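> Please find the sequence and the predicted model below.
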Amino acid sequence: MAKLNPYLSFDKNCLEAMTFYKECFGGELTMQKVGEMPEMAAQMPPDFKDLIMHSTLVSGGVTIMASDLNREKPLEGNAVHLCLNAESEEELIRLFSKLGDGGKIIQPIGDMPWGGMYGELDDKFGKHWVFNWQKK
């Protein structure tokens, strides 16, 4: 079966954002700057050389890809929520706390009628995250 993972667009702060997500999730982060690809860099303005052409963070079941190169400026479009389904209450609270650092809590983690725990936040890069853990 195919796997679906988010590909996030940033406005010249992809390096900072992906480094932050690595601090939250751990795992392996790879990044390629525009300047590391001579053919691509030749087609871009000189100030694009340090922007992120493509990045990937892989940590367990989490894969996030991102770039600074967004063809639709300014960033706009339909809202996307990044949903994390935690494997334990401890993991839920840890990730909520880390991703919420410098961001805005929309709904604190709490017990829900469906027998789970749930919360929402916007991280410091404006990405909307929803968190869920289904109690066993």
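Okay, I see it. Numbers count the residues shown, from 1 in each chain.

> and the gap between Asp11 and Lys135?
Distance of Asp11 to Lys135, given as Cβ to Cβ, to the nearest Å: 39 Å. All C-beta spots, glycine's among them, are computed from the backbone N, C-alpha and C.

> Look at those two and report which has more neighbours.
It is Asp11, of Asp11 and Lys135, that has more neighbours when counted by other Cβ atoms under 10 Å, with 13 against 10.

> Is that one located within a strand, as I assumed?
No. According to DSSP: H, G, I helix; E, B strand; the rest coil, Asp11 belongs to no strand; its state is coil.

> isn't it right up against Ser67?
No. With contact defined as Cβ atoms under 8 Å, Asp11 does not reach Ser67; the gap is 10.7 Å.

> all helices for the protein, in order.
For the chain, applying DSSP state H gives helices covering 14-25, 38-41, 89-100.

> Comparing those by mean pLDDT, which bottoms out?
Lowest mean pLDDT within those: helix 38-41, a mean of 78.

> quick one: pLDDT of the residue nearest to Asn13 when sequence neighbours are not counted?
Once flanking residues are discounted, Asn13 sits nearest to Phe125: 6.7 Å by Cβ to Cβ, 6 or more residues apart in numbering. At Phe125, the pLDDT value in this model is 94.

> What about Phe125, how many residues nearby?
Neighbour count for Phe125, taken as other Cβ under 10 Å: 19.

> ditto for Gly100
Neighbours around Gly100, by other Cβ under 10 Å: 22.
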